[in-house]
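[1] test case, fold it:
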Amino acid sequence: MQPSPSNAAEPISPESEVKTPVSSMEEKKFGSKKMKWVIGVIVALIIILPCVTFLLGVYKFEWQGPFVDRVMRAVPLPAATVNGEWINYAEWSRGVATVNHFYAQKEELGLSSSLPDLTAEQIESNELDRLIEQQLLEDLAAQYQISVSPDEIEVEYTASILPQATNEAEIIETVEKLYGWTLDEFKQEIVREVVLRAKLQTTMNADETFNAGAKQIIDQAKADLTVGQAFSDVAFKYSEDGSAQDGGDLDWIEKGQTVPEFETVAFATAVGATSEIFTSPYGYHILTVLETDEERVHVAHILAKFTTIDEEVVSLKDSAKIKRFVAPETAE
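    Numbering: from 1, shown residues only. Next comes the predicted model:
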């Protein structure tokens, strides 16, 4: 007897195989994505949270110490920005340590009465101000394309520093004691800036555009003298020297007492005569000779001062875009 067709086992088509419902597959995919997200967040927290904590400690709570210094040297971060340029945190921290080292020696050096008592906050703020001003000085030097070579540093060191000691070993010992520096560090931190400032000041003095205000003053003084106004009155009106109150009178001067530029004109001018405009490292001058004897000359002068490096840096600082991340400014 043939089985009934209705009872025959029918083959199962591929479409009818058991499948995971679509909704279940989506849940698995979502669960997988969620797990990846959770793992990603955990990893990010492990990596980022210590960094955030460290930065918060450095910038908010002003953590300092050898560990902080090591990290900051490895990952340089700013203590401040000046017109978008970074002042390195590690450099600021080293500067603070140098000042603290110096202050620790003040009693032994007999400087307790001559050095101001500064709080830790004042020392930190002052050091950041110094680095900000140093950056502005470097920017000004770059503007005039001025640099300092190792040879120039050595010449200045040999001429100005070395003669102040009996030998170089004494300088090395003093620098180590006062600042905790090596001799090379002293040359780079101190001697180099002395050379840079001197070169920059000389260049600025020769720039009539930069000193247009002083040139205008001395030209007007010369014009008033030309029409017959008394030298003392013109000096009182225009001179930027302390002698202006005395009509420009400098009293008697001897050779070697003033800068060469001034001395040369003073000793070459006849009694009663008035010089042309000339310059010295201080500015534009006009002088008159009141009387002379064999070794001396009695002069009066008018001075229109050149802008000094420090004055220019202060001016630049007032207009600079400065962002301090540490050591807020302290009251004077």
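
[2] just the helices in this protein please.
    22-59, 66-74, 89-104, 120-143, 150-156, 168-179, 183-186, 192-205, 212-226, 231-238, 260-268, 309-319 (DSSP state H).

[3] how about the fifth one: buried residues?
    Going by neighbour count (16 or more other C-beta atoms under 10 Å), the buried part of helix 150-156 is E152, I153, E156. Backbone N, C-alpha and C define where each C-beta goes, glycine included.

[4] C-alpha coordinates for that helix, CSV please?
    Output in CSV follows, covering the C-alpha atoms of helix 150-156 (Å, rounded to 0.1, in the frame of the first residue of the first chain):
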residue,chain,number,x,y,z
PRO,A,150,79.8,82.0,21.2
ASP,A,151,82.9,84.1,20.5
GLU,A,152,81.1,87.3,21.5
ILE,A,153,80.0,85.7,24.7
GLU,A,154,83.6,84.6,25.4
VAL,A,155,84.9,88.1,24.7
GLU,A,156,82.5,89.7,27.1
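
[5] which neighbouring elements make contact with that helix?
    helix 192-205 (3 or more C-beta pairs under 8 Å, 6 or more residues apart in numbering; DSSP states H and E).

[6] next, the angle helix 212-226 makes with the helix it packs on.
    Inter-element angle recorded for helix 192-205 and helix 212-226: 50 degrees (by axes from the mean of the first three to the mean of the last three C-alpha atoms, to 10 degrees).

[7] so what pLDDT did V96 get?
    Looking at V96, its pLDDT reads 91.

[8] tell me the centre residue of the protein?
    Against the mean C-alpha coordinate of the chain, by C-alpha atoms, centre = their mean, the closest residue is Q134 at 1.7 Å.

[9] report the contact partners of that one.
    E193 (C-beta atoms under 8 Å, 6 or more residues apart in numbering).

[10] go on, I190?
    Counting by C-beta under 8 Å, 6+ apart, I190 has no contacts.

[11] circling back: okay, the residue nearest to the centre of the chain: pLDDT?
    The model's pLDDT for Q134 equals 95.

[12] quick one: low-confidence ranges for the stretch 51-200 of the chain?
    Residue ranges of the stretch 51-200 of the chain with pLDDT under 70: 51-75.

[13] report the beta-bridge partners for the residue nearest to P76 when sequence neighbours are not counted.
    Nearest residue to P76, sequence neighbours excluded (C-beta to C-beta, 6 or more residues apart in numbering): N88, at 5.3 Å. Per DSSP bridges, the residues bridged to N88 are P78.

[14] could you report the neighbour count for N88?
    Burial measure for N88: 16 neighbouring residues, criterion other C-beta atoms under 10 Å.

[15] oh, and call the first residue 55 from now on, that's how I've got it
    That works, and once the first residue is 55, the last one we named lands at N142.

[16] and it, how far is that from A134?
    Distance of N142 to A134, given as C-beta to C-beta, to the nearest Å: 10 Å.

[17] do the same with D372
    16 Å.

[18] which residues does the residue nearest to P130 contact?
    Here N142 is in contact with M126, P130, L131, P132, A133 (C-beta under 8 Å, 6+ apart).

[19] what's the spacing between it and Y157?
    N142 is 23 Å from Y157, by C-beta to C-beta.

[20] got it, and I225?
    Distance from I225 to Y157, by C-beta to C-beta: 21 Å.

[21] same check on I340?
    Taking C-beta to C-beta, one finds I340 at 47 Å from Y157.

[22] so for the two, which sits in the more crowded spot?
    Neighbour count, other C-beta under 10 Å: between I340 and Y157, I340 has more, with 25 against 15.

[23] partner residues bridging the more buried one?
    In this entry, I340 is beta-bridged to I356, by DSSP bridges.

[24] report the contact partners of it.
    I272, A275, K276, L279, T328, S329, E330, I331, F332, H355, I356.

[25] tell me the confidence at I102?
    So, for I102, pLDDT stands at 46.

[26] I'd say T323 and L344 touch.
    No: contact criterion C-beta atoms under 8 Å: T323 and L344 do not qualify, at 10.4 Å.

[27] any common contacting residues for these two?
    V353.

[28] measure the residue nearest to the centre of the chain to H339 for me?
    The value you get for Q188 to H339, if C-beta to C-beta is used, is 31 Å.

[29] one more: D300?
    For D300, the distance to H339 - C-beta to C-beta - is 16 Å.

[30] contact partners of stretch 370-379?
    Outside stretch 370-379, the residues touching it (C-beta under 8 Å, 6+ apart) are 113, 132-138, 143, 182, 186-187, 190, 193-194.

[31] and it, what's buried?
    In terms of neighbour count (16+ other C-beta under 10 Å), stretch 370-379 has its buried residues at L370, A374, I376, R378, F379.
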